[in-house]
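In: Give me a model of this one.
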Amino acid sequence: MSYRDLRGHVDKLEKAGELQRVKVEVDPDVELSAIMRRVFKLNGPACFFEKVKGTKFPVFTGAMFGHKKYSLMVDAPPNIRDILKKMLNCLENPIEPVMVKSGPCQQNIDTGDKVDLHKFPCIKWHDLDAGPYFGTLGCVITRDPDTGIKNLAVYREQLEGNNKLGFNPEQHSGIHLRKYRAMNKPMPVATAIGVPPSVLAAALTKAPYGVDEMGIAGAIAGEPIPLVKCQTCDLEVPADSEIVLEGEVPPDTSMWEQEGPFGEFTGHFHSLESDQKPTIFLKAVTYRNNPIYQGCSPGIPANEETTPREIGGAAGAWQVLLKTGIPGIKEVNVTEMGCAGFTVIVSMDRHYYLGNVRQIIYHIMANFFMSKWVIVVDDDIDIFNMGEVNWALATRVQPHRDIIITDNRFVGVALDPSIAPELSRIPRTQTSKIGIDATKFYKGHDFPPLVLDSEERLKQITRRWKEYGFK
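Out: Residues are numbered from 1 along each chain as shown. Here you go, the predicted model:
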């Protein structure tokens, strides 16, 4: 794959017949998002909204929905197995970024009183949202104050004024924030919107804590990602970003404002009440000439957000298992309809000993924190075919013998609507987990034979197929 920016990716989608240009004016107050929800139901193309009410800048969305469009993003064959093979290789073989002196993202620089987020598209994605959310596909960059290692991830950011954003940092940036608060120092934050496709794909992987995802982005692109230094904070951002927001979160919670509600990736609102959340106070906004705003509408799967999270989650969980040295692992799937994180399915090409399956289950539970359901199957089950997985659950599982249900002392996902509100507060979010051994081995008895045609019979049928009148 040759490195390309967002504009190059838009051109690539258009040439592939995977882009719809919407030329009529569209209202950013839910209408645009509702259009995209219908596009997803119809398995439609990415959309480039040329006229968005209230702004002179266009909106690009839907580019990651479905394996075909995602494959164009990471330059892999358009099937999930080949995409995962590439992503796993990129996790294992990062290419570190390179610093450059200048980049298109700083063609325009607004600082101080000139910062005004309202000049850009301000989209309200759902009717019950608290208001417009500026960041839904913004790549948020923070730095661990102890190690200096950066984190690149996507977090929601609510528009709270010309120069303020409500911030919902979970996972790794949340750890960074707790470290800064313990030092009583503000945390620098940069949000890059409209980044090169390789950078967005990397931001949505589930890499372990302490891994700078910019190296993964370089591996996806096949060459180092060029970075430029921010104007007002000690962070680096992709030089070819469309829009960059530079600011900081104060350690004093009395300065934090109310954020939410927001319709989330679970298909639910976590709550219809607002809550005090970290607030980013912006120092600068830099942007390209005629910038393209990129965002997405999360919600009930499947949608644009679930496809990259399905792939990034599966690659991350797979890498976690490979590093344990546990034998027998064949493939890993993090299901899209399991909110691209809650349900993990692992297939085994061989069972080496009693307890082999349980090793896999417990390692996924412990090291892939989003997991809530962990299912292990044999190699004759296609883990990307839920019909076959359901068959294995129906015929290879005795609940009393093969199901593990934990207590609720595992770290959970704060936005999981099944967790009681009093147990969902970061950093004390609690969840229980379930593991299912849906294999045939070490069950205390031999399973009877499967109903299968012999190799000889299959060859005969294949040889005479056209005689039967089939094409």
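
In: Name the next helix or strand downstream of the biggest helix by length in the chain, please.
Out: The single longest helix within the chain, with elements called by DSSP state H, is helix 306-324. Helices and strands here follow DSSP states H and E; after helix 306-324, the next one along the chain is strand 329-334.

In: Could I get the buried residue list for that following strand?
Out: Within strand 329-334, the residues that qualify as buried are 329, 331, 332, 333, 334, counting by 16 or more other Cβ atoms under 10 Å. Backbone N, C-alpha and C define where each C-beta goes, glycine included.

In: re the thing from before, just give me how far the longest helix of the chain sits from the chain centre.
Out: 10 Å (Cα atoms, centre = their mean, to the nearest Å).

In: Return the list of helices and strands in contact with that helix.
Out: Packing contacts for helix 306-324, counted by 3 or more Cβ pairs under 8 Å, 6 or more residues apart in numbering; DSSP states H and E, involve helix 67-74, helix 80-92, helix 197-203, strand 329-334, strand 343-348, helix 356-367.

In: swap the cut-off to 10 Å and go again
Out: The helices and strands touching helix 306-324, judged by 3 or more Cβ pairs under 10 Å, 6 or more residues apart in numbering; DSSP states H and E, are helix 67-74, helix 80-92, strand 150-154, helix 197-203, helix 213-221, strand 329-334, strand 343-348, helix 356-367.

In: As CSV, could you dump the C-alpha coordinates of the fifth one?
Out: Once side chains and other backbone atoms are set aside, the C-alpha atoms of helix 213-221 remain, and they are given as CSV (Å, rounded to 0.1, in the frame of the first residue of the first chain):
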residue,chain,number,x,y,z
GLU,A,213,-0.5,3.0,17.3
MET,A,214,1.2,5.4,14.9
GLY,A,215,3.7,2.6,14.2
ILE,A,216,0.8,0.3,13.3
ALA,A,217,-0.5,3.0,11.0
GLY,A,218,2.9,3.1,9.3
ALA,A,219,2.8,-0.7,8.8
ILE,A,220,-0.7,-0.5,7.2
ALA,A,221,0.5,2.3,4.9
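
In: got the angle between it and helix 80-92?
Out: 130 degrees (axes from the mean of the first three to the mean of the last three Cα atoms, to 10 degrees).

In: separation between residue 44 and residue 68?
Out: 12 Å (Cβ to Cβ, to the nearest Å).

In: what sits in contact with each of the two?
Out: residue 18 (Cβ atoms under 10 Å, 6 or more residues apart in numbering).

In: For this protein, which segments count as helices?
Out: Taking DSSP H as the criterion, the chain contains helices spanning 6-15, 31-41, 67-74, 80-92, 171-182, 197-203, 213-221, 306-324, 356-367, 386-395, 399-402, 455-463.

In: what would the ones you listed look like in JSON lines with distance to residue 138?
Out: Formatted as JSON lines, the helices of the chain follow (distance: least, Cβ to Cβ, whole Å):
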{"stretch": "helix 6-15", "distance to residue 138": "13"}
{"stretch": "helix 31-41", "distance to residue 138": "16"}
{"stretch": "helix 67-74", "distance to residue 138": "17"}
{"stretch": "helix 80-92", "distance to residue 138": "21"}
{"stretch": "helix 171-182", "distance to residue 138": "12"}
{"stretch": "helix 197-203", "distance to residue 138": "9"}
{"stretch": "helix 213-221", "distance to residue 138": "14"}
{"stretch": "helix 306-324", "distance to residue 138": "14"}
{"stretch": "helix 356-367", "distance to residue 138": "27"}
{"stretch": "helix 386-395", "distance to residue 138": "32"}
{"stretch": "helix 399-402", "distance to residue 138": "43"}
{"stretch": "helix 455-463", "distance to residue 138": "52"}
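
In: Residue 433 is nearest to which of those helices?
Out: helix 356-367 (5.0 Å; Cβ to Cβ).

In: Convert that closest one to CSV, retaining C-alpha atoms only.
Out: The C-alpha coordinates for helix 356-367 follow below in CSV (Å, rounded to 0.1, in the frame of the first residue of the first chain):
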residue,chain,number,x,y,z
ASN,A,356,-6.2,-26.1,26.7
VAL,A,357,-9.6,-24.5,26.0
ARG,A,358,-9.8,-23.0,29.5
GLN,A,359,-6.4,-21.4,29.0
ILE,A,360,-7.7,-19.6,26.0
ILE,A,361,-11.0,-18.5,27.7
TYR,A,362,-9.2,-17.1,30.8
HIS,A,363,-6.5,-15.3,28.8
ILE,A,364,-9.2,-13.6,26.6
MET,A,365,-11.2,-12.6,29.7
ALA,A,366,-8.1,-11.2,31.5
ASN,A,367,-6.4,-9.5,28.6
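
In: same question for it, mean pLDDT?
Out: Helix 356-367 shows a mean pLDDT of 96.

In: Likewise for stretch 311-331?
Out: pLDDT averaged over stretch 311-331 gives 93.

In: What residues sit buried inside it?
Out: 311-321, 326, 328-329, 331.

In: now stretch 15-35
Out: 18, 19, 20, 22, 26, 28, 29, 30, 32, 33, 35.

In: would you turn these into JSON lines with distance to residue 226 and pLDDT?
Out: As requested, those are exported to JSON lines (distance: Cβ to Cβ, whole Å; pLDDT from 0 to 100):
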{"residue": "18", "distance to residue 226": "26", "pLDDT": "97"}
{"residue": "19", "distance to residue 226": "25", "pLDDT": "97"}
{"residue": "20", "distance to residue 226": "30", "pLDDT": "97"}
{"residue": "22", "distance to residue 226": "31", "pLDDT": "97"}
{"residue": "26", "distance to residue 226": "33", "pLDDT": "97"}
{"residue": "28", "distance to residue 226": "31", "pLDDT": "96"}
{"residue": "29", "distance to residue 226": "36", "pLDDT": "96"}
{"residue": "30", "distance to residue 226": "37", "pLDDT": "95"}
{"residue": "32", "distance to residue 226": "31", "pLDDT": "97"}
{"residue": "33", "distance to residue 226": "32", "pLDDT": "95"}
{"residue": "35", "distance to residue 226": "34", "pLDDT": "96"}
